[in-house]
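**Student:** Can you look at this prediction? I've put the sequence above it.
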Amino acid sequence: MPWVLETARQLGLIGASLFTQSCAVDTVYYNIQEMQEKKIPPEKLLVTVSRFPALAALEIADLPSFVQGMESESEYSSLLNQVVGQFSNFKDADWIFVNTFNTLEEEAVNWLASQRSIKPIGPMIPSFYLDRQLEDDKEYGPSLFKPNLDGCNEWLDSKENGSVVYVSFGSLHWREQMAEIAWGLKRSGCCFLWVVRESERKKLPINFAEESSGKGVIVTWSQQLEVLAHRSVGCFMTHCGWNSTLEALSLGVPMVAMPQWTDQPTNAKYIADVWQVGVRVKANEKGIVTKEEVEGCIREVMEGERGNEIRRNSEKWMKLAQTAADEGYGVLRYLTMSSARVFEPAASRFSR
């Protein structure tokens, strides 16, 4: 929201911007903003961004969904303008913070930092699940929704280490796709914990929950960090939103990437091909991820030498995330001291 920074300027305040997506996605949007100002045609812009040296080798399908359709007017046009517009006054902020860490996206971080000073402060995950420097820091913030999770935890406790597939999508599926996911989970033979909102349960195959009760549990909500941190969880099937991606990376959980829209395709590309901590599903010609594909991807993560390799990579990134979190406390101390210097004169000005 660039207008917030503009308002701060009008009030004589210091302005800081926090970018909550990956640095790779930020780099894509920043470059689109710059090239649009230079009136570069969309078709040339797409090719230029996908081959940008600070990013992994991207196909058009790996770019954020708002970007993929920019050659023609689409329902995403206004959304693209909003996300790209974040960077219209990128160089004007006093501070720029990004929810990532240097070792995770070194090339993208270094390139964006070459445009102006930025401070990676990720992974922004409660301390309890990373380095435990703050034992009571278990949630992102207060929540009005406090379900009873005892039954879910007892079920997870009863399973072997790394044997459970955790399935949770931030966005919704249509009925046919829900059925394919359901039967793919069942065909995999793995135990699974699947988060399905109450309003979505009607899309499940008839009697699926009852027929799967020996192997699977379907819940309407879960404390995701607590589930991902549980010893029995060996795979996370996700749409690859940035928060979920950082959580899985930070807790060493391999992923089956099933991106839908916005930044998810780019995150999925990095999950599968750059960090190599998971596999990415492939949709058929109708845009459906079949039950056979779901089963195959789960088995690839959970079984065999490929699964072992993915787990080793996941453990590597977990350790690097923990190191980054330790270093992040130095950044927080810097911010605390800097904030005191910044806000003290501002407070005295408004108190007059």
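**Tutor:** Yes, it's here. Small disclaimer: the values here were computed from a predicted structure and weren't measured.
**Student:** Can you get me a residue count around the residue nearest to Lys91 when sequence neighbours are not counted?
**Tutor:** Excluding its sequence neighbours, the residue lying closest to Lys91 (Cβ to Cβ, 6 or more residues apart in numbering) is Arg116, at 5.0 Å. No exception for glycine: its C-beta is placed from N, CA and C like everyone else's. A total of 11 residues lie near Arg116 under the criterion other Cβ atoms under 10 Å.
**Student:** who are the neighbours in contact with Arg116?
**Tutor:** Applying Cβ atoms under 8 Å, 6 or more residues apart in numbering, one finds that Arg116 lies in contact with Phe90, Lys91, Ile96.
**Student:** Just the buried residues of those.
**Tutor:** When burial is judged by neighbour count using 16 or more other Cβ atoms under 10 Å, the buried members of those are Phe90, Ile96.
**Student:** Sitting in strands, which of the contacts of Arg116 do you find?
**Tutor:** Here DSSP state E is the test, and those give Ile96 as lying in strands.
**Student:** all strands of the stretch 251-352 of the chain, in order?
**Tutor:** When assigned using DSSP state E, counting those that start in this stretch, the strands of the stretch 251-352 of the chain occupy the ranges 255-257, 278-280.
**Student:** Just send the contacts of Arg116 back as TSV, with pLDDT and distance to Asn207 too.
**Tutor:** What follows is the contacts of Arg116, written out as TSV (pLDDT from 0 to 100; distance: Cβ to Cβ, whole Å):
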residue	pLDDT	distance to Asn207
Phe90	88	53
Lys91	88	58
Ile96	92	52
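**Student:** any idea how far Trp183 lies from Phe169?
**Tutor:** Distance of Trp183 to Phe169, given as Cβ to Cβ, to the nearest Å: 16 Å.
**Student:** Assign the nearest residue to Arg231 once chain neighbours are set aside to helix, strand or coil.
**Tutor:** The shortest distance from Arg231 to any non-neighbouring residue, by Cβ to Cβ, 6+ apart, is to Asn161 (5.1 Å). Reducing the assignment to helix, strand or coil with DSSP: H, G, I helix; E, B strand; the rest coil, the entry for Asn161 is coil.
**Student:** Show me the helices in the protein, by range?
**Tutor:** 2-10, 23-37, 42-50, 65-68, 77-85, 106-115, 150-157, 175-188, 208-211, 224-228, 242-251, 264-269, 291-302, 304-351 (DSSP state H).
**Student:** distance between stretch 243-256 and the chain's centre?
**Tutor:** On the basis of Cα atoms, centre = their mean, to the nearest Å, stretch 243-256 is displaced by 8 Å from the centre of the chain it belongs to.
**Student:** If you could redo that for stretch 109-116, that was the one I meant.
**Tutor:** The chain centroid and the centroid of stretch 109-116 are separated by 21 Å under Cα atoms, centre = their mean.
**Student:** Buried ones in that stretch, by neighbour count?
**Tutor:** Of the residues in stretch 109-116, those with enough neighbours to count as buried (16+ other Cβ under 10 Å) are Val109, Trp111, Leu112, Ala113.
**Student:** Only alpha carbons, please: show it as PDB.
**Tutor:** Listed in PDB are the C-alpha atoms of stretch 109-116, where the atom choice follows Å, rounded to 0.1, in the frame of the first residue of the first chain:
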ATOM      1  CA  VAL A 109      18.500 -10.800  -1.900                       C
ATOM      2  CA  ASN A 110      21.800  -9.500  -3.200                       C
ATOM      3  CA  TRP A 111      20.200  -8.200  -6.400                       C
ATOM      4  CA  LEU A 112      17.300  -6.400  -4.600                       C
ATOM      5  CA  ALA A 113      19.800  -5.000  -2.200                       C
ATOM      6  CA  SER A 114      21.800  -3.500  -5.100                       C
ATOM      7  CA  GLN A 115      18.800  -1.400  -5.900                       C
ATOM      8  CA  ARG A 116      18.600   0.000  -2.400                       C
END
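**Student:** what's the closest non-adjacent residue to the residue sitting nearest the centre point of the chain?
**Tutor:** Against the mean C-alpha coordinate of the chain, by Cα atoms, centre = their mean, the closest residue is Trp242 at 1.5 Å. In space, and not counting its chain neighbours, Trp242 is closest to Gln21: 5.1 Å by Cβ to Cβ, 6+ apart.
**Student:** Tell me, what's the model's pLDDT at that neighbour?
**Tutor:** pLDDT, Gln21: 96.
**Student:** ok so, going back, list just the one of the helices of the chain that sits closest to Pro126.
**Tutor:** Distances from Pro126 to each of those were compared using Cβ to Cβ; the shortest belongs to helix 224-228, at 6.7 Å.
**Student:** now for the closest one, which elements pack on it?
**Tutor:** Using 3 or more Cβ pairs under 8 Å, 6 or more residues apart in numbering; DSSP states H and E, the elements in contact with helix 224-228 are helix 150-157, strand 164-168, helix 242-251.
**Student:** Residues in contact with the last one: which ones?
**Tutor:** Right, helix 242-251. Taking contacts as Cβ under 8 Å, 6+ apart, the residues outside helix 242-251 that touch it are 20-22, 25, 99-100, 104, 122-125, 129-130, 168, 170, 224-225, 228-229, 236, 238, 254-255, 263, 267, 271, 275, 277, 314, 317-318, 321-322, 325.
**Student:** Please, a ChimeraX command that selects the buried ones among these?
**Tutor:** Taking 16+ other Cβ under 10 Å as the burial criterion, the selection of buried members of the contacts of helix 242-251 in ChimeraX is written as:
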select :20,21,22,25,99,100,104,122,123,124,125,129,130,168,224,225,228,229,236,238,254,255,263,267,271,275,277,314,317,318,321,322,325
